[in-house]
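Peer 1: A structural model of the following input is requested.
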Amino acid sequence: MLLCRFLMAARGPKSIYQEHLPLETIVEKLNNGDLLKSTLRIHQKHHGIAFLANPVKSERDILVEGNNQNRAFNGDLVAFEILPKENWKLNKSELLTSLIGNSTKEADLPIMGQNEIKFQGKTYDATNVEEKYLQKTAKVVGIIEKVHPRKAMGYGKVYNKNYALFSPLDNRVPRMLIPLNEFPKGFAERPNDFADNLMIGLVKRWELNGKFAMGSLLKSIGGDKDDLVVAATEGILTENDLDDSPFPDDIDAEIPDFEIKPEDVAKRQEFDFRKKCVFTIDPATARDLDDACSVEEVGDGIYEIGVHIADVSHFVYPGTTVDDIARERTTSVYLVQRVIPMLPRKLCENLCSLNPGVDRFSFSVVWKMRKDGTVLSTKFGKSLINSCCKLHYEHAQDMIEEPDRQFEEGYLPKIYNGYTYRDLSKKVNILHEVAQILRKKRKESGSISIQQCKIKFSLNRENGMPSGLGSYKSKESNKLIEEFMLKANVSVAEKLVEHYPDNAIIRRHVGPKENVLKDTKKILTRMGIEVDTTSSKMMQEALNKLQHAPNQPTPVGLVVASLLAKCMSLATYHSSGEFDSPVDYFHYGLSMELYTHFTSPIRRYPDLIAHRQLQAILEGKKKSPMDFDEVSELAELSSQKKYASKLASDKSGELFLWLFLREQVTMHEAACVVEIGSESIDVLVLRYGIQVRIWRDYIGEKVEFQSKEKEWAHITWPADGDKPKCSKRYELLDNVVVIMKAGKQLFKINGALPRPDSSNDVHVPSVEGFATEDV
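Peer 2: Numbering: from 1, shown residues only. Coordinates of the predicted model:
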């Protein structure tokens, strides 16, 4: 016995994980078909559950549990192998539905085991049922690309005399042991003083036998009330690997001064719009104005419509410091309280921004177009403009709703170049009329607009803290601009692919994940809702039926939209040469054969690539300024950064909602039941489009909670003073009132349900949704 223990000690602790295969072995096995590859997606709330895309698209994704994730992180590109069938999981709900549906004996009750069901004297498990009732499982054998930055914000506590245990707020990141000597002075002696200090940890390695990863402390960023926003924001940016460092002090020196030379006028003579009525329409808070519009009647019911985009390429040259930084960032990041720009402010708010009353360099797409939206001709060219007005969406909306309104003095911004508000109102309404037709045609071709509410905050000017909540409204003026930006992006995409079929920068959107869509249809069926998901057009028609009026979805419509949105894949950037057939360029959400991003080069680097490629075409260059590999590499990075930017933006919203609720104590909101679990109810808060989980423990003391998972929950409240015992049954799609509270942990929102006999008159709003178009 002693010898056995000695030998075990000599060998060291038993390995928990499997050694990763070398990359060259992975490549060989992938080529031979012995391995598969996919991006690992770890469940946000259950880190022991992860999924990989199934190579058979019609089947559900492949499950990766616990140690089989083998130290890979969320978002990593991994190599994996599917486990033998006896290791697959029984899909109990589907099998149970089939068994009970085929049974004629009402008294039959199934007995549920860990991975089996006993029914009518027979045991069903992974070895004796059809594959359609099984969940395939897999294990990760190697990491092809470490996409996750291995950084996370969280809190530390003393673990032993040498290490602290760092617990990330993101459950998908492992806990890590970090040397105590890396923590602030006094941490080991006075741990309570640092209990609320946010910190940023970095996973450095994760051993085969490691219960915890080994890490390093990157920074202690604080967490007192006064600096919580700054600390949490720094953490959000760091764990999403987004750069918010200041631009170099001397960067402005390499940016050319603004000067229109005679040769510039000569080159842009055909596209000199400085004496024409060009104007911008943007949010009231916008400072980087990167698009403007113009429209002129040229006779016989034909319009010349122009979209004029900031000519960033005139100031930013390949190989310069400012271009190198923009290439690394690839996107501006929009947080609740600040914007992290892709370009220095000298460019994005001054030289490139299409500010009113000053000459600006631009890149234009100009169509000759009939009133019915039929395009007769398309021209592209470097241009010059002098915007006559910086309209806000609210101004344009007023012009659409009241074309002949006499605006009171001071309401509209200053109008330059001799034009009047009547000139602007007429042109806004022409563009609106054409935009409506273009949008109708796009919808008829199958474009889908999944409308979801999006929360917005009012901030206290003195301390920057949230002082109010609201939701964004998308009105006709927003859609006017959206439609012509879409049109410009499509026109440029067609031009780029025509001339550079092997390396044009394109934006691609594959269809929804079939397996997720299939499961969503089942959820909707349980709710009593049938949605035809055979095409984007049919889905849009189903959503249209769930509206009070156009652009005003019912509560049920918001729930359906929320569920369908989760089925959608993310749009991504690519080099056109990555695909064998032009069919693969298709953008599902917009139902367009070709699409790219051209209209926002101030805040997106792919748009700058499109500008440079289009300019090369106009100059007659047969070779693209970027080869296939360079475009592909930048496209992949841009897709990753755009997704990271979205995650950071969403997390910033969660932070400010938590801060707002922390000061409000509680908030009562109208909601709709979307999921019922064994111990919880999930609701969609209608006004803000956020989902909140209501755990039985948060409803109240001595509350009885009974449920049939995915169908109903029955809650009983005890007598309380003069209030007798009461109860209520909750089912899917029930309208409820949810009580929202800030949890103790940062970002955590707790939900509760009020007693049915209490006064909770909360209006169920008619919500104008925010259209999540891919512009």
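
Peer 1: against residue 482, how distant is residue 367?
Peer 2: 16 Å (CB to CB, to the nearest Å). For every residue, glycine as well, the C-beta is placed using N, CA and C.

Peer 1: more neighbours, those two?
Peer 2: Taking other CB atoms under 10 Å, residue 367 and residue 482 do not tie; residue 367 has more neighbours (23 against 17).

Peer 1: for that one, give me the pLDDT.
Peer 2: The per-residue pLDDT reported for residue 367 equals 98.

Peer 1: which elements pack onto the helix or strand containing it?
Peer 2: Under the criterion of DSSP states H and E, residue 367 resides in strand 359-370. Counting contacts by 3 or more CB pairs under 8 Å, 6 or more residues apart in numbering; DSSP states H and E, strand 359-370 is packed against strand 302-310, strand 375-386, helix 476-499, helix 605-618.

Peer 1: again, only using 7 Å
Peer 2: strand 302-310, strand 375-386, helix 476-499 (3 or more CB pairs under 7 Å, 6 or more residues apart in numbering; DSSP states H and E).

Peer 1: quick one: mean pLDDT for the last one?
Peer 2: Taken as a whole, helix 476-499 carries a mean pLDDT of 97.

Peer 1: show me which positions of that helix end up buried.
Peer 2: 476-497, 499 (16 or more other CB atoms under 10 Å).

Peer 1: so residue 69 touches residue 141, yeah?
Peer 2: No - contact criterion CB atoms under 7 Å: residue 69 and residue 141 do not qualify, at 11.3 Å.

Peer 1: out of those two, which sits in the busier spot?
Peer 2: The neighbour count for residue 69 versus residue 141, taken as other CB under 10 Å, is higher for residue 69 (25 against 22).

Peer 1: any idea how far the residue lying closest to the more buried one once chain neighbours are set aside is from residue 78?
Peer 2: Counting by CB to CB, 6 or more residues apart in numbering, the nearest residue to residue 69 once its immediate chain neighbours are dropped is residue 50, at 5.4 Å. Distance, residue 50 to residue 78, by CB to CB: 10 Å.

Peer 1: which neighbours do these two share?
Peer 2: residue 40 (CB atoms under 7 Å, 6 or more residues apart in numbering).

Peer 1: ok, these two, which is more surrounded?
Peer 2: residue 78 (30 against 25).

Peer 1: surely the more buried one touches residue 141?
Peer 2: No - Residue 78 sits out of contact with residue 141 when judged by CB under 7 Å, with a separation of 8.0 Å.

Peer 1: next one: residue 75 relative to residue 68, how far apart?
Peer 2: 17 Å.

Peer 1: pLDDT at the residue positioned nearest the centre of the chain, what is it?
Peer 2: Nearest to the mean C-alpha position of the chain, by CA atoms, centre = their mean, lies residue 646 at 4.5 Å. In the prediction, the pLDDT value recorded for residue 646 is 95.

Peer 1: same check on residue 669?
Peer 2: 92.

Peer 1: same deal with residue 251?
Peer 2: 94.

Peer 1: so where's the stretch 651-775 of the chain uncertain?
Peer 2: By pLDDT under 70, the weakly predicted segments of the stretch 651-775 of the chain are 759-775.

Peer 1: with the chain instead?
Peer 2: For the chain, the stretches with pLDDT under 70 are 1-13, 92-115, 120-121, 126, 223-226, 759-775.

Peer 1: what about the longest helix in it?
Peer 2: If you go by DSSP state H, the chain has its longest helix at helix 628-664.

Peer 1: the inter-axis angle of that one versus helix 605-618?
Peer 2: Angle between the axes of helix 628-664 and helix 605-618 is 150 degrees (criterion: axes from the mean of the first three to the mean of the last three CA atoms, to 10 degrees).

Peer 1: what packs against helix 628-664?
Peer 2: The contact analysis (3+ CB pairs under 7 Å, 6+ apart) places helix 628-664 against helix 228-239, strand 333-334, strand 455-459, strand 466-471, strand 572-575, helix 605-618, strand 735-742, strand 749-752.

Peer 1: a markdown table for the ones you listed, including distance to residue 62 and mean neighbour count?
Peer 2: Formatted as a markdown table, those follow (distance: least, CB to CB, whole Å; neighbours: other CB atoms under 10 Å):
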| stretch | distance to residue 62 | mean neighbour count |
| --- | --- | --- |
| helix 228-239 | 27 | 22 |
| strand 333-334 | 33 | 20 |
| strand 455-459 | 34 | 16 |
| strand 466-471 | 37 | 16 |
| strand 572-575 | 21 | 22 |
| helix 605-618 | 31 | 24 |
| strand 735-742 | 35 | 20 |
| strand 749-752 | 31 | 20 |
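
Peer 1: dump these to TSV, plus distance to residue 176.
Peer 2: Output for the helices and strands packed on helix 628-664, formatted as TSV (distance: least, CB to CB, whole Å):
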stretch	distance to residue 176
helix 228-239	13
strand 333-334	26
strand 455-459	33
strand 466-471	32
strand 572-575	31
helix 605-618	33
strand 735-742	27
strand 749-752	26
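
Peer 1: how about those, which one is nearest residue 60?
Peer 2: strand 572-575 (22.2 Å; CB to CB).

Peer 1: mind listing residues that contact that closest one?
Peer 2: Residues contacting strand 572-575 (CB under 7 Å, 6+ apart): 503, 505-508, 606, 628, 631-632, 635, 638-639.

Peer 1: now do it: distance to the chain's middle.
Peer 2: The chain centroid and the centroid of strand 572-575 are separated by 17 Å under CA atoms, centre = their mean, to the nearest Å.

Peer 1: picking that back up, can you tell which of the helices and strands packed on helix 628-664 is closest to residue 291?
Peer 2: With CB to CB, the closest approach to residue 291 among the helices and strands packed on helix 628-664 belongs to helix 605-618: 10.5 Å.

Peer 1: what does the closest one contact?
Peer 2: Contacts of helix 605-618 (CB under 7 Å, 6+ apart): 312-313, 316, 326-327, 330-331, 342, 363, 380-382, 492, 495-496, 499-500, 504-505, 573, 596-601, 624-626, 631, 634-635, 638.

Peer 1: ok, which stretches of the stretch 201-350 of the chain are strands?
Peer 2: Along the stretch 201-350 of the chain, counting by DSSP state E, counting those that start in this stretch, strands occupy 213-222, 278-282, 291-299, 302-310, 333-334, 339-340.

Peer 1: in its sheet, what does the first one sit against?
Peer 2: If you go by DSSP bridges, strand 213-222 pairs up with strand 176-179 (parallel), strand 198-205 (antiparallel).

Peer 1: what does the first one contact?
Peer 2: Counting by CB under 7 Å, 6+ apart, the neighbours of strand 176-179 from elsewhere in the structure are 156, 159, 162-166, 201, 203, 212-217.

Peer 1: so which bits of that strand are buried?
Peer 2: Judged by neighbour count (16+ other CB under 10 Å), strand 176-179 contains these buried residues: 176-178.

Peer 1: re earlier: top of the contacts of strand 572-575 by neighbour count?
Peer 2: Among these, the one with the most neighbours (other CB under 10 Å) is residue 505, at 32 neighbours.

Peer 1: can you pull the contacts of that one?
Peer 2: Applying CB under 7 Å, 6+ apart, the residues near residue 505 are 496, 573, 575, 596, 606, 609-610, 613, 631, 635.

Peer 1: how near is the closest residue to it other than its chain neighbours to residue 601?
Peer 2: Nearest residue to residue 505, sequence neighbours excluded (CB to CB, 6+ apart): residue 609, at 4.6 Å. Shown here: residue 609 relative to residue 601, a distance of 9 Å by CB to CB.

Peer 1: I'd assumed residue 78 was in a strand, is it?
Peer 2: Yes - counting by DSSP: H, G, I helix; E, B strand; the rest coil, residue 78 is located in a strand.
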